[in-house]
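**Student:** I need the structure of the sequence given here:
(3 chains)
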Amino acid sequence: MANILETKNLTKLFGGIVACNDLSFNVEEGKIKGLIGPNGAGKTTIFNLVTGVYKPTGGEIFFQGKQIGGQQPDRVVKQGITRTFQNIRLFKNLSLLENIVIALDLKHTDYHIFGALVRGLGVRRKEKDLRRQALEYLDIVGLADRPQDRADSLPYGLQRKLEIARALALEPRLLLLDEPAAGMNPEESLGLAQLVRKVKEQFDLTVLLIEHHMDVVMELCDHIVVMNFGEKLAEGTPEEIQNHPAVLEAYLGEDYQRA
Amino acid sequence: MLLQTLVTGLAIGGIYALMAVGYSLVFSIMGFSNWAYGTIIMYGSYIGYYSLTKFGCPFWLALILSMFGGAAICVMNERIAYAPLRKRKAPSLFLMISAMGTAIFLENMVYVMIGAHYYSFPDVFQNQVFDFMGASIGILDLFAIVFSFTAIYALNYFINHTRLGIGIRAVSYDNTVAQINGVNLSWTIGLVFVLSGFLAGISGTFFGMKYMVYPTMGNITNKAFIAAVIGGLGSLPGAVIGGVILGVLESLVSVYVSSTYRDVFSFSFLIVLLIFLPLGLMGKNLEEKV
Amino acid sequence: MWFYIQGILVLAMINIIAVLGVTVFTGFTGLFSLGHAAFIAAGAYTAAILTHFYGVNFYLALAAGGMMAGLLSLVIGIPTLRAKLRSDYFAIATLGFGEAFKMILENMDITQGARGLPGITTYANIWNVGIITVLAIAVTAHFVFSKYGRMAVAAREDYMAAEMMGINLFQVQLRSLFFSAVLAGIAGGLFAHYLGFIQPSLFTGSQSSMLVIAVVTGGMGSISGPILAALLFATIPEALRLANMWRMVTYGAVLVAIMVLRPQGILGYKEITFRGMAGLFRRGKAKPAAASKGALS
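**Tutor:** Okay, here's the model as predicted:
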């Protein structure tokens, strides 16, 4: 299978700080890849580089074979990469429905400015359609019963699900999830993992996942990349990673003996 | 001719420098532009004027009164219009709007209380000039330059070498950590506004002496802002340099191009700067408090 | 008496048209402008010059005024928005632009400089102004409830999340600016043809501030709020016979009071709909969502 995402010698410097150092890895199309590492390893930096929030200092990023390093975020999204945020960046003051509709606008709302200003029947119909579609996306994550509620009125775990639904509404080929299970208990994490697998199959996606909950990572990921201090530490299948000495040392320290 | 132009520019530059430093102080600490600052400068001017004329104070006393008057208004402004927003961690847009409201309120209070007349300061320095290499410098200008730079030097010393001053610098970097280290945030911010107010009072008086006293002097904030941008917002030395550069440039434009277009030049220069060199000469990149 | 009330209403409606523009730019897109008086002036002068010197049809001249204001907004908007200035820098840039434009008007021949342009035919009356105002409200509402409005709100709420929705911030902001400038320009054209006389000193930074004050007081994120605020500002001082100076003092104090006590303004994110009115009295339950409520019925 082809690589949907590939980084080559990717480097990012913030003044004297090396956030990312000569990092090369790839994500195979149709797989779920995990990106793990201790806090501060540079994982979210990778997401930011891929989605155009940061410009690379060096190296290249290829998406479906095309160079995207340094492009503006909105352009990256239009090409088919979407993400969720570690700190959840929903439109807090807007409703659940509106959050999804804004995402749907990208690929579905094809009327132009004059049409919008006149607001003829075609536009009105399209607006109704958008809301119907948005409800469908809400339904996938189990939030269709209260579409008018404010996004910030949801409990934390449901906010994360909303963010995923929103990212899906953009119809990506590659979905980047930044710690989707953060703050969840084991039962919720399992539910989340099931959700990710379900949407991956339903929408034929590739997923790159940053996560600290090892149970979620081991359950979902076909392949894993481990980072520390901005560099790639190891790469392999879940079994290989679990027993990799360098990985154990990075997470647990030198003196840890595997029981 | 050129020397004269430069000297005039330097004199007004010194006053701009004072304003820019007062403005930058608040910007560095609070992270927002105090739109009401110009009106406080204007109040300083009126206080100076009335002290000299109505109350017959000697000049040095009038200056001190305008300093303290400016400081008082500045602090009250902060307590009433900014502190509640700051405590609520309101977005900087709200602080700006509150500042704008204060500016409108203060400016129009002068209109209703005093009227729109333009007032002239009495001649404190008897219009003396003295000659220097073919250019004549007014004693007023000379005094303004010297006083401005002395005040700025004193402020710089205070900020860098006293405990209170270090507290101010700590707050400008990270106010949570500063508080953990024992800095009283409210008092420190109050102190910053006091200092800012001192500078407003002094620069207002000098400005009034050099030109005239009138309610819309508040528009001078724009000049202070431009000067601060040139030097780099967030940098106090930069504000000084920016003030001087602006004064000199304005003087040059006035004499060699056209005095009507002097302000158009300043604003256009500002816009160009904000687009191409937003950090100015020495500015720090301050993250917007979103 | 009717004539007096008519006068207030016409000026209030002209003001509302300009306020609608600033509502979209500041209230919905979240950008603070202190120079919109320049767009009003551009529209006023363009329309007046066209009818006065070239005998152009009034409505065409209005449209031309709107377009000219729109073009002017691109001149200042493209460089400043590209530069992604933070909000107070941007505000100062717009203020500087407004002042500079006024000075340019004072020194141009075609505008007859600071003396102004007298003798403009007073084509504007309560009927055509009323119709144009209603159209302006409709167009603004359509903008806000369309994808363009949503993109603007997203950009205002969380610019990074908005970019992750494929929204190009620069385009969205420029579009809002253009829209607001065109409305301001049309308001200017109507103003010129109501007053019969214009001069640069009518278009001050104060006027720009008043537009922003109306939007903030009425509620950022609401259309009916700023309209209500504009009406209140036009009528209450007249009813109380407040002298002009005290009016401004009050506005300043009101602005500070709103920011400190009720930053969402009169109507906040809500519109005057029946659901909205009920919301004012509701307590405890999950709050109804913001923005485009009306469109979802």
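**Student:** Checking residue C:124 next. Helix, strand or coil?
**Tutor:** coil (DSSP: H, G, I helix; E, B strand; the rest coil).
**Student:** list the contacts for it?
**Tutor:** C:10, C:14, C:190-191, C:193-194 (Cβ atoms under 8 Å, 6 or more residues apart in numbering or on different chains). From N, CA and C alone the C-beta is placed, and that goes for glycine too.
**Student:** make it 6 Å
**Tutor:** When contacts are counted by Cβ atoms under 6 Å, 6 or more residues apart in numbering or on different chains, residue C:124 touches C:190, C:193-194.
**Student:** How is residue A:20 assigned, secondary-structure-wise?
**Tutor:** Applying three-state DSSP: residue A:20 is strand.
**Student:** For the residue of the stretch 1-150 of chain B found nearest chain A, give its distance to residue C:220.
**Tutor:** Closest contact between the stretch 1-150 of chain B and chain A, by Cβ to the nearest Cβ, is at residue B:91 (12.4 Å). Plainly put, residue B:91 is 11 Å away from residue C:220 if you go by Cβ to Cβ, to the nearest Å.
**Student:** more crowded one of those two?
**Tutor:** Neighbours were tallied for residue B:91 and for residue C:220 using other Cβ atoms under 10 Å in any protein chain shown; the higher tally belongs to residue C:220 (26 against 17).
**Student:** Need the distance between the two termini of stretch B:172-186.
**Tutor:** 13 Å (Cα to Cα, to the nearest Å).
**Student:** which residues touch that stretch?
**Tutor:** B:28-29, B:167, B:170-171.
**Student:** Please apply the same query to stretch C:249-269.
**Tutor:** Residues outside stretch C:249-269 that contact it (Cβ under 6 Å, 6+ apart): B:81, B:84, B:94, B:97-98, B:101-102, B:104-105, B:108-109, C:213, C:216-219, C:221-222, C:225, C:290-291.
**Student:** in stretch C:170-181, what's buried?
**Tutor:** C:170, C:172-181 (16 or more other Cβ atoms under 10 Å in any protein chain shown).
**Student:** so which helix or strand takes in the closest residue to residue C:32 other than its chain neighbours?
**Tutor:** Of all residues beyond its chain neighbours, the one nearest residue C:32 is residue C:91 (4.4 Å), with distances taken as Cβ to Cβ, 6 or more residues apart in numbering or on different chains. Using DSSP states H and E, residue C:91 falls within helix C:87-106.
**Student:** Against which helices or strands is that helix packed?
**Tutor:** Where contact means 3 or more Cβ pairs under 6 Å, 6 or more residues apart in numbering or on different chains; DSSP states H and E, helix C:87-106 is packed against helix B:262-276, helix C:36-54.
**Student:** Average pLDDT for stretch A:74-90, rounded please.
**Tutor:** Computed over stretch A:74-90, the mean pLDDT rounds to 93.
**Student:** got it, and stretch B:2-15?
**Tutor:** On average, stretch B:2-15 scores 82.
**Student:** Next: stretch A:26-40.
**Tutor:** 91.
**Student:** tell me which element residue B:220 is part of?
**Tutor:** Element membership for residue B:220, per DSSP H and E: helix B:220-231.
**Student:** Closest to chain C out of the contacts of stretch B:172-186?
**Tutor:** Checking the contacts of stretch B:172-186 one by one against chain C (Cβ to the nearest Cβ), the nearest turns out to be residue B:28, at 13.5 Å.
**Student:** any idea of the angle the helix or strand that closest one falls within forms with helix C:87-106?
**Tutor:** Taking DSSP H and E as the definition, residue B:28 sits inside helix B:2-30. Relative orientation of helix B:2-30 versus helix C:87-106 (axes from the mean of the first three to the mean of the last three Cα atoms, to 10 degrees): 140 degrees.
**Student:** can I have the helix or strand that helix B:2-30 is followed by written out in CSV, keeping just the CAs?
**Tutor:** The helix or strand immediately downstream of helix B:2-30 is helix B:37-53, counting by DSSP H and E. Extracted in CSV, the C-alpha atoms of helix B:37-53 (Å, rounded to 0.1, in the frame of the first residue of the first chain):
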residue,chain,number,x,y,z
TYR,B,37,-3.5,57.7,27.6
GLY,B,38,-3.8,60.7,25.3
THR,B,39,-6.6,62.2,27.3
ILE,B,40,-4.6,61.8,30.5
ILE,B,41,-1.8,63.7,28.9
MET,B,42,-4.4,66.3,28.0
TYR,B,43,-5.5,66.5,31.7
GLY,B,44,-1.9,66.9,32.7
SER,B,45,-1.7,69.8,30.4
TYR,B,46,-4.8,71.4,31.8
ILE,B,47,-3.7,70.9,35.4
GLY,B,48,-0.3,72.5,34.6
TYR,B,49,-2.1,75.4,32.9
TYR,B,50,-4.5,76.1,35.7
SER,B,51,-1.8,75.7,38.3
LEU,B,52,0.2,78.4,36.6
THR,B,53,-2.6,80.8,35.8
